[in-house]
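# build the 3D model from these lines:
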Amino acid sequence: MHSDGNAGETTQIAVEPCIMEISPGRTKYWVPNCEGASVPHVGLKFKSLEEGVQLYRSYAALSGFDARQSTVKRNREGEITTKYLVCSREGYKGGGVKKHKNGEGEDGGGLIQRRRRPSNRVGCGAKIGFRKINTGEFLVSIFENKHNHYLATDASKVFLRANRKLDIWQQTLIANCAKANIGPTRTFRLCKEVAGGYDNVGATSMEFCNFKRDLQAYIEGGDAQIVIEKLRNKKELNADFFYNYYLDEENRLARLFWSDPISRQNYMRFGDVVSFDATYGTNKYNLVFVPFTGVDNHKRCVTFAAGLLTKEDIDSYTWLLDNFKAAMGNPPLYIVTDQDPAMRTAIPKVFNECRHRFCMWHIMTKVSEKVGPELAKDEVFRKKLNKIVWNEVISVEDFEAQWKALMEEYKLANNQWLCHLFELRKFWIPAYFGDVFMGGLIRTTSRSEAENSAFGKFTSPNASLVEFYFQYESAIDAQRHSDAKRNAQCGGYFPDYETPLLLERHAATVYTITIFYEVQKEIIAGCFYCQIVEIRKDGDSTWYDIKEECNRIFCVKHSPADNSVLCSCGLFNRLGMVCRHMFLVFKDARLECIPNQYVVPRWTKLSCMEHLTTREQHTSRDSSTKLLMKKMWSDIYSCIGLVGGDSDRLERMTQVIKGLKEEFTQDGATQELAKGNKGVIEAFCETRAPDIVTIKPPLKVKNKGSGRRIKSNREKGIEKSKKPKRLCRSCNQFARHDSRNCPTG
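Here you go, the predicted model:
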């Protein structure tokens, strides 16, 4: 609309989405053009102040500007009598005077560097005033709708504060993503895909980050107590849940241990061998995370329990192992750790009958540093040493003789580090563990390191204890989901056979697929790569001398009366699987099935079925609310899939959901939940923030893994070798020096 007036008259020009007015003094004003909207006016009355404020904010959002609170007046009783709301562009930016660090003048120290931010303040005079009248209602006393700036276009309205608001489902999405270690920025991009575009999200990435900020602020101070309260609730719901904690002198959380019922059941089946190793960078307090890891019937990692420690000392590890023993009832047969001195002292104090083994990998990686630069490059020496150290079938006497011979050959008999390792040989050399079952052939902490790596994908170094615990549960759920998938494959898939032996078919029906393929290798080797060179009778027993490809000969004792077999290679004692030599004897004896005493239950499919039953039992104990929530989401996504591209179905589903939303919004119990984000945050924490904090969160601790690790000379040398060479102007060659330090100069 354009109206030309005479001098002294106001000119109006229609400019979407507003009307521009030019005053007689040639001053430009913009008036919102809100057709069909509820426009406030002087004299309009409201039953409550909130009703009037909400109307003006809605009007501002539709018009294309933001409103903010200004002057508020109260009476002696503290009741609001007058309130003003102004355009967010009212006033002007501050003078920009830089403050000093101590708030004093020039002599008070350095200046505080402020962030440079653009300002949108232009002194806009648009405002509204509410005044309380005798009837208790609020009257619009002042209403000025002229703005001295252009109003936001339809494309820009989505960035106004009034239009940037997180819905409950978005808040819930951010909270759920936080459990899977998905940050707010990635959650924003995910929400954009769900909503169909950025314009449909109704917020920016800043609102998503602010919700995460509010979540951390809600947890702050009561972090440790909220976690303990959550564990206490789990214990009340299920008596098989185990947890314990320890507070220091200042009532700060110093140690925490927990194990859920499924983990404890897993330990009953697979807890003969345990590996545990500390990992770092999983939470903002730098607490040491210590998961206890074993090997399941698929030869995959399985978590038995977990702990958090502020210190890596003997008392902390002793406390942790005491609680592990209390939770599981009995210690493992065999435990693997690194050479941590605190662990080495704590383990025999708690597990006096358990065999403790050092990680061989950690030891062998240090050889290059300890033997000198010449031997570090000697491949022959390394091969000879590896042949002695990693040999699984060598005897104790042969190991000691070959070790001493190698030390003398390379003049290392006086090397202090190697001498110390030889003194500790019973803690890491396989020859000293020939009589101990090593499920999954655990001779290094690689199981723990693989588990720590898996947890690292779900945890964040900036996570609170509450967030860390939920991220831990997400990692455990992922682990158990993969395990359930492998269990399903064992029941629904059949492996390929390589021989016509009935022994092989029996093994396929008994073992899991992973274990069967290892057993199948032994069957094939026994059939095609081994031969019987001599058979001897000794009473009721028969002795077989069996030669392999490498001309090594192993002795197998077979008692036909009970089909008991004993092989000198010791594979069955170490891993619980029948070796190739035993299979050759079974084949010669025309057995169709593996004798029951040689089918170790931990490797069988039966463990899969027991595991599934246990999971179903404990899942049924979950709260009915959680189960209904899972079913609800499943039904919603099923309906979305069934809708497809049918517009009629889509409209019907939209109407049903919209009707439920309006019904729940009008419900008094839901209004508090929809107001702000406190309700969603409380639902995320599954408990309210404590009014009085009795269990304080730990201070940020400093352990050996919490800072920058000191690199060895070998690591520095490797990094240096990877650096690109540059041209030396002195010798005109590409090297790792320049003209200033050229050796030829």
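
# what is the neighbour count of the closest residue to Leu321 other than its chain neighbours?
Leaving aside its chain neighbours, Leu321 sits nearest to Val350 (4.0 Å; criterion: C-beta to C-beta, 6 or more residues apart in numbering). C-betas here are computed from N, CA, C, even on glycine. As a burial measure, Val350 scores 17 neighbours (other C-beta atoms under 10 Å).

# ok, Val350 to Ala306 distance?
Distance, Val350 to Ala306, by C-beta to C-beta, to the nearest Å: 17 Å.

# check contacts around the residue nearest to Leu321.
Shown in contact with Val350 (C-beta atoms under 8 Å, 6 or more residues apart in numbering): 318, 321-322, 325, 331.

# I'd assumed Tyr472 was in a strand, is it?
No. Tyr472 is assigned helix when assessed by DSSP: H, G, I helix; E, B strand; the rest coil, not a strand.

# now do the same end-to-end measure for stretch 235-243.
8 Å (C-alpha to C-alpha, to the nearest Å).

# the chain should start at 734 in everything you say after this.
Yep, numbering from 734; the last one is stretch 968-976 now.

# list the buried residues in that stretch.
973-976 (16 or more other C-beta atoms under 10 Å).

# next one: stretch 850-868
For stretch 850-868, the neighbour count (16+ other C-beta under 10 Å) marks 857, 859-863, 865 as buried.

# among those, which are in strands?
The strands, defined by DSSP state E, take in 860-863, 865 from these.

# distance to Ile1068 and pLDDT added to the residues you listed, as a markdown table?
Formatted as a markdown table, those follow (distance: C-beta to C-beta, whole Å; pLDDT from 0 to 100):
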| residue | distance to Ile1068 | pLDDT |
| --- | --- | --- |
| Lys860 | 73 | 94 |
| Ile861 | 72 | 95 |
| Gly862 | 75 | 95 |
| Phe863 | 72 | 95 |
| Lys865 | 74 | 93 |
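
# hey, C-alpha coordinates of the stretch of helix or strand Met939 belongs to in CSV?
Taking DSSP states H and E as the definition, Met939 sits inside helix 938-952. Extracted in CSV, the C-alpha atoms of helix 938-952 (Å, rounded to 0.1, in the frame of the first residue of the first chain):
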residue,chain,number,x,y,z
SER,A,938,22.3,-25.5,17.6
MET,A,939,22.7,-22.9,20.4
GLU,A,940,19.5,-24.0,22.1
PHE,A,941,20.7,-27.6,21.9
CYS,A,942,24.0,-26.7,23.5
ASN,A,943,22.2,-24.6,26.1
PHE,A,944,20.1,-27.6,27.1
LYS,A,945,23.3,-29.6,27.6
ARG,A,946,24.6,-26.7,29.7
ASP,A,947,21.4,-26.7,31.8
LEU,A,948,21.7,-30.5,32.3
GLN,A,949,25.3,-30.2,33.6
ALA,A,950,24.2,-27.2,35.8
TYR,A,951,21.4,-29.3,37.3
ILE,A,952,23.8,-32.2,38.1
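
# tell me the mean pLDDT for it?
For helix 938-952, mean pLDDT is 86.

# try stretch 1004-1024
The pLDDT scores in stretch 1004-1024 average 87.

# ok so, going back, between the buried residues of stretch 968-976, which is nearest Ile1256?
Set against Ile1256, the nearest of these by C-beta to C-beta is Asp973 (40.2 Å).

# now the closest one, nearest residue through space, not along the chain?
Nearest non-adjacent residue to Asp973, counting by C-beta to C-beta, 6+ apart: Pro994, 3.7 Å away.

# quick check: that neighbour vs Asn1056, distance?
Per C-beta to C-beta, Pro994 is found 16 Å from Asn1056.

# and what of Trp1150?
According to C-beta to C-beta, Trp1150 stands 35 Å off from Asn1056.

# Tyr1244 too?
Counting by C-beta to C-beta, the gap from Tyr1244 to Asn1056 is 34 Å.

# and for Val1332?
Distance of Val1332 to Asn1056, given as C-beta to C-beta: 34 Å.

# more neighbours: those two, which one.
Taking neighbours as other C-beta under 10 Å, Val1332 and Asn1056 compare with Asn1056 leading, 23 against 18.

# mind listing what the more buried one touches?
Asn1056 touches 975, 977, 990, 1040, counting by C-beta under 8 Å, 6+ apart.

# before we move on, what about Asp1295?
Asp1295 touches nothing, counting by C-beta under 8 Å, 6+ apart.

# and it, what helix or strand is that in?
Following DSSP H and E, there is no helix or strand that holds Asp1295.

# same question, Arg801
strand 800-807.

# for that strand, the averaged confidence score.
93.

# could you do stretch 1060-1076 as well?
Rounded mean pLDDT across stretch 1060-1076 is 87.

# what about dumping the CA coordinates of stretch 1318-1335 to CSV?
Once non-C-alpha atoms are left out, stretch 1318-1335 reads as follows in CSV (Å, rounded to 0.1, in the frame of the first residue of the first chain):
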residue,chain,number,x,y,z
VAL,A,1318,43.0,-91.0,18.5
PHE,A,1319,39.2,-90.6,18.6
LYS,A,1320,39.1,-91.3,14.9
ASP,A,1321,41.3,-94.4,15.3
ALA,A,1322,38.9,-95.6,18.0
ARG,A,1323,36.0,-95.0,15.6
LEU,A,1324,34.1,-92.7,18.0
GLU,A,1325,31.2,-90.8,16.6
CYS,A,1326,30.9,-88.2,19.4
ILE,A,1327,33.3,-86.2,21.5
PRO,A,1328,33.2,-87.7,25.0
ASN,A,1329,31.2,-85.6,27.4
GLN,A,1330,34.2,-85.0,29.7
TYR,A,1331,36.0,-83.2,26.9
VAL,A,1332,33.1,-80.9,26.0
VAL,A,1333,33.7,-77.8,28.2
PRO,A,1334,30.3,-76.1,28.9
ARG,A,1335,31.7,-72.6,28.6
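
# got the buried residues for that stretch?
Judged by neighbour count using 16+ other C-beta under 10 Å, the buried positions of stretch 1318-1335 are 1318-1320, 1324, 1327, 1332-1333, 1335.

# cool, and stretch 1247-1254?
Of all the residues in stretch 1247-1254, those buried under the rule 16+ other C-beta under 10 Å are 1247-1249, 1252-1253.

# try stretch 867-886
Within stretch 867-886, the residues scored as buried using 16+ other C-beta under 10 Å are 870-873, 876, 878-882, 884-885.

# end-to-end on that stretch?
41 Å.

# now do the strands in the stretch 1034-1183 of the chain.
Remark: strands assigned in the stretch 1034-1183 of the chain by DSSP state E, counting those that start in this stretch are 1034-1042, 1067-1070, 1088-1091.
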